[in-house]
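Chemist: Return a 3D structure for these sequence lines:
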Amino acid sequence: MNCRLYSSVPVCLVVASIACRAKGPLASETPTVIDYDPPSTLVVPQTLVTRAKYPFVDVHSHQWQMPTQDLDLLVEDMDALNMAVMVNLSGRVDDSQDFLNGALANVERTRPERFLVFTNISFDGIDDPNWGSRTARQVVDDVAAGAAGLKIYKSLGMSVTDASGRRVPVDDPRIDPVWRRCGELGVPVLIHSGDPAQFWQPWDGQNERWFELYQKPGRKQDPDEFTWEEVIAEQARLFERHPGTTFINAHLGWMGNDLERLGGLLEDYPNVYTEIGAVLAELGRQPRFARAWLERYQDRVLFGKDAWTPEEYHVYFRVLETDDEYFDYYRRRHAFWKMYGLNLGDEVLRKLYYKNALRLFPQLDRSLFPAD
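Modeler: Have a look, this model is predicted:
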């Protein structure tokens with residue numbers, strides 16, 4: 001093609017560009033990143049796993065109607081998954097003693113060997129000099145009634161404020177009597193601190209969780225108020241100050257994208273465990289390193305899921321147990337990428353599924369698990 005130059009631009013390139021645009025979709029037909037989600041054409045072996053290889057303990061579940069819930073129906077769903085024990089972390093909904101008593105009574109009437117219930121605490125009135133001793137006493141009473149541990153929600157360190165309006169940090173010394181008493185009672189504290197670090201980052205095309213913030217804009221955090229690093233440092237100081245208390249650092253401590261850093265935390269604080277609830281997608285996108293990491297820290301990681309949706313467990317089993325490639329996670333806003341199986345060895349699986357939980361919860365019925 002012969003080209004003439006007009007204003008230093010070859011006419012042939014202009015014509016070619018126009019032709020290409022004419023053959024492509026109209027602007028109104030061009031999908032955005034929100035809509036563009038084509039099914040993969042990759043043909044690879046698939047292993048659909050609907051039942052865990054070993055009985056497992058889910059240490060991170062929420063049952064919001066446990067006092068009145070039909071637990072026999074819940075056990076049927078658990079049996080289909082091979083879930084031996086469910087830990088309901090929501091024992092005191094709305095800080096209700098009646099809710100906790102009702103949940104514990106329902107479990108006792110139905111299948112006491114299949115459920116553990118955690119208690120919760122309220123930070124209302126934290127300025128009262130007697131708040132710490134009073135709240136620690138509540139935990140003592142709740143454990144005596146049957147609670148198996150204490151769950152701390154992410155509101156501590158983020159939205160909880162004192163009478164002056166100041167944010168209450170995770171390591172606020174006013175809470176120390178509670179942590180000490182949990183250590184003395186020998187019950188674990190499962191603590192959720194912070195949220196993914198990307199929630200504090202600019203909401204733009206460089207934010208890996210842009211789509212999640214698009215769907216859940218209320219999760220965006222203002223770094224001018226406090227930062228992710230501040231919250232995580234407060235939590236680490238809490239772990240250090242209470243070496244006699246066992247903590248379960250929920251959601252891989254929001255360090256699933258930096259497992260080396262999480263490993264360092266586990267090495268620094270032998271009183272800390274972690275769990276994989278709602279962060280499986282982080283492991284599934286780095287299968288080789290995640291497998292090696294889980295092998296190294298196999299004594300410190302527990303199985304957790306978080307939201308109770310039985311069919312979503314199938315993806316957990318597939319990631320943990322198979323070597324499948326390039327498959328979908330069950331919630332796109334949590335994983336704008338594909339999953340790969342870790343193909344964990346049997347001993348690591350057993351520890352993740354139930355052995356580590358047996359160490360933390362001696363009250364578990366060992367007949368529910370293989371005799372190793």
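Chemist: all helices for the protein, in order.
Modeler: Taking DSSP state H to define them, one finds helices in the chain at 11-23, 71-81, 97-109, 131-145, 176-185, 210-215, 228-241, 259-268, 280-284, 287-296, 313-321, 346-350, 356-360.
Chemist: residue contacts, the closest residue to Trp210 other than its chain neighbours?
Modeler: Of all residues not flanking Trp210 in the chain, Trp203 sits nearest, at 6.4 Å (CB to CB, 6 or more residues apart in numbering). Where you see a C-beta, it was placed from the backbone N, CA and C, and this is true even at glycine. Applying CB atoms under 8 Å, 6 or more residues apart in numbering, we find Trp203 in contact with Trp210, Leu213, Lys220.
Chemist: Next one: the residue lying closest to Lys355 once chain neighbours are set aside relative to Tyr354, how far apart?
Modeler: The shortest distance from Lys355 to any non-neighbouring residue, by CB to CB, 6+ apart, is to Asp372 (7.5 Å). Distance of Asp372 to Tyr354, given as CB to CB, to the nearest Å: 10 Å.
Chemist: who's more crowded, these two?
Modeler: Shown here are Asp372 and Tyr354; by other CB atoms under 10 Å, Tyr354 has more neighbours (24 against 9).
Chemist: Hmm, Arg92 is touching Phe99, no?
Modeler: Yes: the pair Arg92 / Phe99 is scored as a contact, 6.0 Å apart, by CB atoms under 8 Å.
Chemist: Look at these two and report which has more neighbours.
Modeler: Legend: neighbour count by other CB under 10 Å for Arg92 and Phe99, higher for Arg92 (23 against 20).
Chemist: where does that one land on pLDDT?
Modeler: What the model reports as pLDDT for Arg92 is 96.
Chemist: so what's it up against?
Modeler: Going by CB under 8 Å, 6+ apart, Arg92 touches Phe99, Leu100, Thr119, Asn120, Ile121, Asp142.
Chemist: Pull up the gap between the closest residue in space to it that isn't next to it in sequence and Asn88, please.
Modeler: Using CB to CB, 6+ apart and skipping residues adjacent in sequence, the residue nearest Arg92 is Asn120, 4.2 Å away. Per CB to CB, Asn120 is found 11 Å from Asn88.
Chemist: what's the answer for Arg288, then?
Modeler: Arg288 sits 35 Å away from Asn88, going by CB to CB.
Chemist: Which residue of these two possesses the greater neighbour count?
Modeler: Asn88 (23 against 9).
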